[in-house]
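J.: here is a sequence together with a model predicted from it:
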Amino acid sequence: MVRAAGTLAGRYDLVEVIGRGGMGVVYRGRDRTLDRTVAVKVLPALFAENPTLVERFEREARAAASLNHPNIVSVFDSGRDGTERFIVMECVPGVSLAELLRERGRLEVREAVALAAQIAGALAAAHAAGIVHRDVKPANVMVLPSGGAKVLDFGIARAAADAALTNTSMVLGSAPYIAPEVMLGQAADERSDIYSLGCVLYEMLTGRPPFVGDLPAVVMNQHTNAAPQPIHELAEGIPPALAALVMRMLAKNPVDRPRSAADLTSALKASLTAPTAPTQVAPAPLPTAATAAATAAGPPAASPEVATSPAGEPDPGRTGAARRAWILATVLILALAAGVAAALVSSSGSSSSQSSTGNSSRAFTAPPSSSTAGRPASTSTTASTTTRSSTTSASNTATSSGTTTATKPATTTTTSSGSASTTTTVP
């Protein structure tokens, strides 16, 4: 509920509403004592009855007042008027980043990076003081006419040392910019602010947040389970190094994000000049037993006979020696093969000379006659160029004329002319 114009604590005149946040309404006011324009944030009466919210609101004033940085809105005073509690802050000229994005859609790359670097610088100062903003979004960034940026509304910020004051199950902030771990009820830390700034930078470069949906629950589910669309698919002319940095800021696991807002500030400035995306250094391979033994033994002793060549170039001496070795081995193999072949041919020729002379030889075995049945036949072969005759005679010949005894074996005569042959068996 918006409060009617009036005066708070007899000192601050409320002129008009200039903004609304989850923890209160912001008025343009006038400080009667110092005669200056101020911004006054009033906690709604509906929440004033909640001791936890009241304590958080008062802590906002003390936390913000402890910060002194050119990119953080200064806090001048805090107090109460009856049941109403308020904070008096610096009134910053210009428009909110949310209004600027509604008017222009997306920003030029250098302008977006310059604003993001200033926001990161403000967060770095807050983190150094132990304060986490927890609600980084375009509505909480004022863009000055000069192009400067100021972060405001630490209304739901908390001191990291007093985490017990905050109920971690309460999901705070705006859905399009809140970190996944906060949505899951985990405690927010510096890297949660880096994630939220990544969402803001993504929107400045593309004209839309990384995740959109009709319902906050849909957007929250995308933060925890979906990958954002690559920036180059939504906008042209984004340096690869900058696009890679934004994706690192939007990592689901806080460990994979930039380590600190201070490091992020330097990385944002460097991303405009880096020609390509930052390279990822692969981890060294785990040592095996073989490599461990080789490492323990030390490098092998160098051989004085072996000459080294430049990396990637063959050694001419080594190549020539290898070629000669191959040639010698080939000659030895061929000589060995020739020797084996000659031995085989010589053995075959010797066997043939014992069994034949001339072009060919044939052996015939006369079948046994009836008178010599059961007795083995004797065979003898003699060959000539044109006519072959084979005479087989028994070792024992009867002395009586024209008779053959029972022990006399059969006589076989073979006559061959050319390729034909005739065999006659004489009993």
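T.: In hand now; what should we look at? Residues are numbered from 1 along each chain as shown.
J.: let me see the ranges of the strands in the stretch 151-300 of the chain.
T.: Under the criterion DSSP state E, counting those that start in this stretch, the stretch 151-300 of the chain contains strands at 158-159.
J.: quick one: low-confidence ranges for it?
T.: In the predicted model, the stretch 151-300 of the chain carries pLDDT under 70 at residues 154-173, 274-300.
J.: how about the helices in it?
T.: Secondary structure of the stretch 151-300 of the chain (DSSP state H, counting those that start in this stretch): helices at 180-183, 190-206, 216-225, 240-249, 261-271, 289-297.
J.: domains for this protein, by residue range?
T.: Per the record, the chain has its domains at 11-91, 92-277, by automatic domain parsing.
J.: picking that back up, packed most tightly, which of the helices of the stretch 151-300 of the chain would that be?
T.: Scoring the helices of the stretch 151-300 of the chain by mean neighbour count under mean count of other Cβ atoms under 10 Å gives helix 190-206 as the most buried, with a mean of 25. Any C-beta I mention is one placed from the backbone N, CA and C, and that applies to glycine too.
J.: sorry, back to before: can I get the domains of the chain in TSV with distance to Ala338?
T.: Below are the domains of the chain laid out as TSV (distance: least, Cβ to Cβ, whole Å):
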stretch	distance to Ala338
domain 11-91	93
domain 92-277	65
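J.: any idea how far His232 is from Pro239?
T.: The gap separating Pro239 from His232 is 10 Å, by Cβ to Cβ, to the nearest Å.
J.: the two: who's more crowded?
T.: Per other Cβ atoms under 10 Å, whichever of Pro239 and His232 has more neighbours is Pro239, with 17 against 12.
J.: what about the more buried one, distance to Glu233?
T.: Counting by Cβ to Cβ, the separation of Pro239 from Glu233 is 15 Å.
J.: ok, Val255 next?
T.: Counting by Cβ to Cβ, the gap from Val255 to Glu233 is 27 Å.
J.: so what's the closest residue to Gln229 other than its chain neighbours up against?
T.: For Gln229, ignoring the flanking residues on the chain, the nearest one in space by Cβ to Cβ, 6 or more residues apart in numbering is Pro210 at 7.4 Å. By Cβ atoms under 8 Å, 6 or more residues apart in numbering, the contact list for Pro210 reads 176, 198-199, 202-203, 228-229, 250.
J.: okay if I get those residues as JSON lines plus distance to Ala64?
T.: Formatted as JSON lines, the contacts of Pro210 follow (distance: Cβ to Cβ, whole Å):
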{"residue": "Pro176", "distance to Ala64": "24"}
{"residue": "Gly198", "distance to Ala64": "23"}
{"residue": "Cys199", "distance to Ala64": "22"}
{"residue": "Tyr202", "distance to Ala64": "27"}
{"residue": "Glu203", "distance to Ala64": "25"}
{"residue": "Pro228", "distance to Ala64": "31"}
{"residue": "Gln229", "distance to Ala64": "35"}
{"residue": "Leu250", "distance to Ala64": "27"}
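J.: how about Ile107, secondary structure?
T.: In this structure residue 107 is Leu, not Ile. coil (DSSP: H, G, I helix; E, B strand; the rest coil).
J.: so what's Ala235 closest to, chain neighbours aside?
T.: If the residues on either side of it in the chain are set aside, Ala235 comes closest to Thr206, at 4.9 Å by Cβ to Cβ, 6+ apart.
J.: any figure for the gap between the one you found and Asp214?
T.: Distance from Thr206 to Asp214, by Cβ to Cβ: 19 Å.
J.: re earlier: any idea how far Pro138 is from the residue nearest to Ala235?
T.: With Cβ to Cβ as the criterion, Thr206 and Pro138 are 13 Å apart.
J.: overlap in contacts of those two?
T.: Joint contacts of Thr206 and Pro138 (Cβ under 8 Å, 6+ apart) do not exist.
J.: Leu123 contacts Glu190, doesn't it?
T.: Yes - under the criterion of Cβ atoms under 8 Å, Leu123 makes contact with Glu190 at 7.5 Å.
J.: what is in contact with these two at once?
T.: Listed as contacting both Leu123 and Glu190 by Cβ under 8 Å, 6+ apart are Ala261.
J.: show the contacting residues for the nearest residue to Met249 once chain neighbours are set aside.
T.: What sits nearest to Met249 in space, not counting adjacent residues and going by Cβ to Cβ, 6+ apart, is Gly198, at 2.9 Å. Listed by Cβ under 8 Å, 6+ apart, the contact partners of Gly198 are 210, 246, 248-250, 257.
J.: how about these in CSV, adding distance to Glu58?
T.: Supplementary listing: the contacts of Gly198 in CSV, determined by distance: Cβ to Cβ, whole Å:
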residue, distance to Glu58
Pro210, 34
Val246, 36
Arg248, 36
Met249, 32
Leu250, 33
Arg257, 31
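J.: ok, so of these, who is nearest Asp31?
T.: Nearest to Asp31 among the contacts of Gly198, counting by Cβ to Cβ, is Met249 at 38.5 Å.
J.: can you pull the contacts of that closest one?
T.: Here Met249 is in contact with 194-195, 197-198, 201, 257-258, 264 (criterion: Cβ under 8 Å, 6+ apart).
J.: again, 6 Å this time
T.: With contact taken as Cβ atoms under 6 Å, 6 or more residues apart in numbering, Met249 is in contact with 194, 198, 257.
J.: what's the closest of those to Glu181?
T.: Arg257 (10.7 Å).
J.: assign a three-state SS to Arg134, would you?
T.: Using three-state DSSP, the structure places Arg134 in coil.
J.: I should have written Arg28 there, sorry.
T.: strand.
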